[in-house]
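1. Turn this into a model:
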Amino acid sequence: MSTLAADMNTPTAAGNQRKRRLYAMLPAVIVALPLILFVLFPLTHILGRSFSVPGGYGLANYAAMLGNERFLRITWNSFAVTLLSAAIAIILAYVFAYAVQRSTMRLRNLFRLIAILPLFAPSLVQAQGLVLLFGRNGLINRSFHLNIDLYGYWGIVIASVLYVFPYAFLILSAALAVADARIYESAEMLGASKWRAFRTVTLPATRYGLAAAIFVCFTLVITDFGNPMVIGGDYTVLASEVYNQVIGQANFEMGTVIGMVLLIPAALAAIVEKRVSAKQYALISEQSKPLVPQKDRLRDMFLLCVSVLISAAILSIVLVVVFASFVHLWPYRMTFSLRHYAFDVQNGIEPLWNSIYISLMAAGLGVIVVTAAAYVIEKFPSPASRGLYFLSILPAAVPGMVLGLGYILAFNNPSNPVYMIYGTLVIIAIANVYYYHAHGFLISGTSIKQISGRFDEASATLGGSRVQTFVKVTLPLLFPTLVGIAVFFFMRSMVTLSAVIFLITPNTQVAAVSVLYLQDRGATNQAAAFSVCIIATIMVALLLVRALLNITGHRNVSLIR
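-> From the prediction side, this is the model:
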């Protein structure tokens, strides 16, 4: 025994032990390198540039901003819009999700499809549709001779609610999808009313879903600049001010300061959400009895009415954009025309093809990087795993405009090796991958954790290597999840605006940005046509993937996650 202890304490044994630890950390370090390069490195440039002053570094930029009454007003504007929009969206989405998951009303599958329809369109399509309906030359304003002025605070709030509603719905729908019927039976036996059962059982059971929905809505609204740019008028928010400072005035110092201000609330929201979610516990056990909604005519009628109203609002926004794309000249000559699909503007249809190429690259690259990160953390545990996990979820707290601005500062330098792809479609695809990295990583990690470690043990017993196990066992089991992740990256890359607005060039224009530019210069019909092309492209892609899954025997796999 003493001899063994002495052998373990020899320099050779200690050296071998250190080597084993280093080898164990190697996969995590390799996977972390791209995250350090494309997430952490740009953020350090944002931070450094915000402190940059003539002759060195200091707090002068922050002092100038905090002492500027206009900046303080813009900050107040952002929080005023964000808090109200998020609150309204959460309430409406909760009611809608409850109607779909916990009632017996008719057409629930149709309502579910309508709720996620905005996910297929650029983020500014809500403002686009509102302008077509309620703008100065809007259909409703002109038809009924109304004087509705939607530009400004209320226009941004309504557009933001419609924008984040599908995200909140998906999260809350998942939270309400499962429940233990025994708890509700106990509440009924104790004489609790339906309202009390809702307050004391349903709401507490979904608080983690609510926390996640609040985080998502808050960060999406406060970092969105497409809707405020289109319908905000003179009401400026932080996200649009970053764009004005960088693109309009080439003032990178002030742009980075505002970017840091945007980063702080998004990061705090992410921390709070993670702390709340960490306390989550399983609500369903092997003894649980699935809750089956019972018929309640009054409740179902009320929920049906609310669902119809919400669905009508969503459909009216999307359909009016489609309608406008086929009108000769909105709103003066409302005859059918296909002339707006000729795309006779600069670059023509090329931005749409660029978006498709970028989205395909992002889908392929995104699946690889998020699966690699999740697989290494799960199958190669080491002291570096915690750092890799932090880097993998860090993008969830980074606004798209901040990441895009960081790419300009970090990579627009000939001395940087990444400069060779700067100004190409590849750098835009990479930006999309790492902007949405956290979401894809969490999906992949959840699926990998569901695969029993006994497969690895059986493979090792039979002499199989880790690579053989991954290719022959893990990969086939993960196939539906990987397809879903690819669809997620494709969809988000087709419609994203904030993450790429600073990275495009005349040769790398993308469709979502073209919609913004066309709408901004008054080419309403062509902007609508571009939006319709984006929606159609995503729908065609979803149909093709659905056909692939059906052929491979995965008919029940959901593509929207």
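2. ranges for the helices of the stretch 351-500 of the chain?
-> 385-393, 400-411, 425-435, 437-449, 454-461, 466-469, 475-495 (DSSP state H, counting those that start in this stretch).
3. Revised request: answer the last question for the stretch 51-200 of the chain.
-> For the stretch 51-200 of the chain, the helices defined by DSSP H, counting those that start in this stretch cover 60-66, 69-102, 108-115, 125-134, 139-143, 153-177, 181-189, 194-197.
4. So which of the ones you listed is nearest Leu43?
-> Nearest to Leu43 among the helices of the stretch 51-200 of the chain is helix 60-66 (16.8 Å), distances taken as CB to CB. In short, each C-beta sits where N, CA and C put it, glycine included.
5. buried set for the closest one?
-> Asn61, Met65 (16 or more other CB atoms under 10 Å).
6. which ones are touching the nearest residue to Tyr62 once chain neighbours are set aside?
-> Nearest non-adjacent residue to Tyr62, counting by CB to CB, 6 or more residues apart in numbering: Val257, 6.0 Å away. Applying CB atoms under 8 Å, 6 or more residues apart in numbering, we find Val257 in contact with Ser50, Asn61, Tyr62, Met65.
7. What pLDDT is listed against Val257?
-> Val257 is assigned a pLDDT of 86 by the prediction.
8. Tell me how far it lies from Tyr235.
-> Note on Val257: its distance to Tyr235, by CB to CB, to the nearest Å, is 21 Å.
9. Can you tell me the number of residues neighbouring Ala342?
-> By other CB atoms under 10 Å, 12 other residues sit near Ala342.
10. brain fart, Ser311
-> Neighbours of Ser311 using other CB under 10 Å come to 18.
11. Do I have it right that it meets Ala115?
-> Yes: assessed by CB atoms under 8 Å, Ser311 is found in contact with Ala115 at 7.5 Å.
12. quick check: domain ranges of this protein?
-> 69-281, 338-561 (automatic domain parsing).
13. With distance to Pro331 added, can I get those in JSON lines?
-> Below are the domains of the chain laid out as JSON lines (distance: least, CB to CB, whole Å):
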{"stretch": "domain 69-281", "distance to Pro331": "5"}
{"stretch": "domain 338-561", "distance to Pro331": "9"}
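14. what packs against the helix or strand hosting Ala527?
-> Assigned by DSSP states H and E, Ala527 belongs to helix 524-551. Applying 3 or more CB pairs under 8 Å, 6 or more residues apart in numbering; DSSP states H and E, we find helix 524-551 packed against helix 125-134, helix 297-325, helix 350-379, helix 475-495, helix 511-520.
15. Could you say which one of those comes nearest to Leu37?
-> Closest approach to Leu37 among those (CB to CB): helix 350-379, 11.5 Å.
16. related to what we said a few turns ago, would you tell me which of the domains of the chain gets closest to Ala324?
-> Closest approach to Ala324 among the domains of the chain (CB to CB): domain 338-561, 4.1 Å.
17. what about the stretch 401-550 of the chain, any weak spots by pLDDT?
-> 450-467, 469, 473 (pLDDT under 70).
18. before we move on, back to that, could you point out which of the helices of the stretch 351-500 of the chain sits nearest Met361?
-> Using CB to CB, the helices of the stretch 351-500 of the chain put helix 425-435 closest to Met361, at 3.8 Å.
19. could you check the angle helix 400-411 makes with the closest one?
-> Inter-element angle recorded for helix 425-435 and helix 400-411: 130 degrees (by axes from the mean of the first three to the mean of the last three CA atoms, to 10 degrees).
20. which one of the helices of the stretch 351-500 of the chain lies closest to Gln519?
-> Within those, the stretch nearest Gln519 is helix 475-495; the backing value is 14.6 Å (CB to CB).
21. In that closest one, which residues are buried?
-> For helix 475-495, by 16+ other CB under 10 Å, it's 478, 480-495.
22. and what of stretch 22-37?
-> Met25, Pro27, Ala28, Val31, Ala32, Pro34, Leu35, Leu37.
23. could you point out which element follows the host helix or strand of the fifth one?
-> Counting by DSSP H and E, the element that carries Ala32 is helix 11-35. Proceeding N to C from helix 11-35, the next assigned helix or strand is helix 41-50, under DSSP H and E.
24. Quick one: mean pLDDT over that next one.
-> Mean predicted lDDT for helix 41-50 stands at 90.
25. how distant is it from the center of its chain?
-> 23 Å (CA atoms, centre = their mean, to the nearest Å).
26. Same check on stretch 542-557?
-> With CA atoms, centre = their mean, you get 23 Å for stretch 542-557.
27. what do you get for stretch 80-93?
-> Computed by CA atoms, centre = their mean, the chain-centroid distance of stretch 80-93 equals 17 Å.
28. Is Ala250 in a helix, a strand, or coil?
-> Here Ala250 is recorded as coil under DSSP: H, G, I helix; E, B strand; the rest coil.
29. again with Ile504
-> coil.
30. what about it, neighbour count?
-> 19.
31. Run a quick neighbour tally on the residue nearest to it when sequence neighbours are not counted.
-> Using CB to CB, 6+ apart and skipping residues adjacent in sequence, the residue nearest Ile504 is Val513, 5.6 Å away. Neighbourhood size, Val513 [other CB under 10 Å]: 23.
32. ok, Val513 touching Ala499?
-> No: Val513 is beyond contact range of Ala499, at 10.9 Å (criterion: CB under 8 Å).
33. pLDDT score assigned to Ser311?
-> Note for Ser311: predicted pLDDT of 95.
34. List the contacts of the closest residue to it other than its chain neighbours.
-> Counting by CB to CB, 6+ apart, Ile114 is the residue found nearest to Ser311 once chain neighbours are left out, at 4.5 Å. Taking CB under 8 Å, 6+ apart, we find Ile114 in contact with Ser311, Ile314, Leu315.
35. residue nearest the centroid of this protein?
-> The chain has Tyr436 as the residue nearest its centroid, 6.2 Å off, counting by CA atoms, centre = their mean.
36. And that residue, how far from Ser359?
-> Distance from Tyr436 to Ser359, counting by CB to CB: 11 Å.
37. Check Ala511 too.
-> Distance of Ala511 to Ser359, computed by CB to CB: 10 Å.
38. Check Ile504 too.
-> Counting by CB to CB, the gap from Ile504 to Ser359 is 14 Å.
39. Same check on Gly55?
-> Per CB to CB, Gly55 is found 44 Å from Ser359.
40. Between the two, which is the more surrounded one?
-> Shown here are Gly55 and Ser359; by other CB under 10 Å, Ser359 has more neighbours (28 against 6).
41. The more buried one contacts Ser493, correct?
-> Yes: Ser359 is in contact with Ser493 according to CB under 8 Å; the separation is 3.9 Å.
42. quick one: common contacting residues for those two?
-> Ala429, Asn432.
43. ok, the spatially closest residue to Pro122 that is not a sequence neighbour - contacts?
-> Counting by CB to CB, 6+ apart, Ala512 is the residue found nearest to Pro122 once chain neighbours are left out, at 4.3 Å. Contact partners of Ala512, counting by CB under 8 Å, 6+ apart, are Pro122, Ser123, Leu124, Gly226, Ser355, Met494, Val495, Thr496, Leu497, Val500, Ile534.
44. got CSV for those residues, with distance to Ala342 too?
-> Listed next are the contacts of Ala512 as CSV, based on distance: CB to CB, whole Å:
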residue, distance to Ala342
Pro122, 20
Ser123, 26
Leu124, 22
Gly226, 25
Ser355, 18
Met494, 21
Val495, 23
Thr496, 26
Leu497, 24
Val500, 25
Ile534, 17
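45. quick one: the nearest residue to Ser173 once chain neighbours are set aside from Met494, how far?
-> Spatial nearest neighbour of Ser173, excluding adjacent residues (CB to CB, 6+ apart): Ala97 at 4.2 Å. Using CB to CB, Ala97 is found at 25 Å from Met494.
46. Could you do Pro228 as well?
-> Relative to Met494, and taking CB to CB, Pro228 is found at 21 Å.
47. can you check Leu360 too?
-> 10 Å.
48. likewise Ile485?
-> 15 Å.
49. so Gly366 makes contact with Ala486?
-> Yes: using CB under 8 Å, Gly366 makes contact with Ala486 at a distance of 7.0 Å.
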